[in-house]
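Visitor: Next comes the sequence, and after it the predicted model I'd like to discuss.
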Amino acid sequence: MSVLDVLRDFLVNDLHWDPRRAPLTPDFALIDNGVVDSMGIFMLVSFLEEQFAVEVKDEEIVPENFGTLGAIAAYVERKRQPA
């Protein structure tokens, strides 16, 4: 499964997003469209850290990294790259 697929599954199964409301495309605005709220961000960060073994720093929780599904996937891929 790709990072996008894993994230999509998390949003549907854990945050209870109904994909019939709107499809979770890579450029779909998650916060603006109510997919995630502040509690959802907390849950998402915990999920990313556990699922992908990445450390999410507080200062990295910004719209550029968490605004869309594609942004989150790109962020995870960057974090997984060797330093």
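Guide: It's in.
Visitor: what's stretch 54-73 in contact with?
Guide: Under the criterion Cβ atoms under 8 Å, 6 or more residues apart in numbering, residues 2-4, 7-8, 11, 24-32, 36, 41, 44-45, 48-49, 75-76, 79-80 lie in contact with stretch 54-73. C-beta coordinates here come from the backbone N, C-alpha and C atoms, glycine included.
Visitor: ok, 10 Å please
Guide: For stretch 54-73, the surrounding residues in contact (Cβ atoms under 10 Å, 6 or more residues apart in numbering) are 2-8, 10-11, 24-33, 35-36, 41-42, 44-46, 48-49, 74-80.
Visitor: What of stretch 35-46?
Guide: Where contact means Cβ under 10 Å, 6+ apart, the residues beyond stretch 35-46 that reach it are 7, 10-12, 14-17, 21-22, 24, 28-31, 34, 54-58, 60-61, 66-69, 72.
Visitor: Quick check: mean pLDDT of the longest helix along the chain?
Guide: Identified as the longest helix of the chain according to DSSP state H is helix 38-52. Averaging the model's pLDDT scores along helix 38-52 yields 96.
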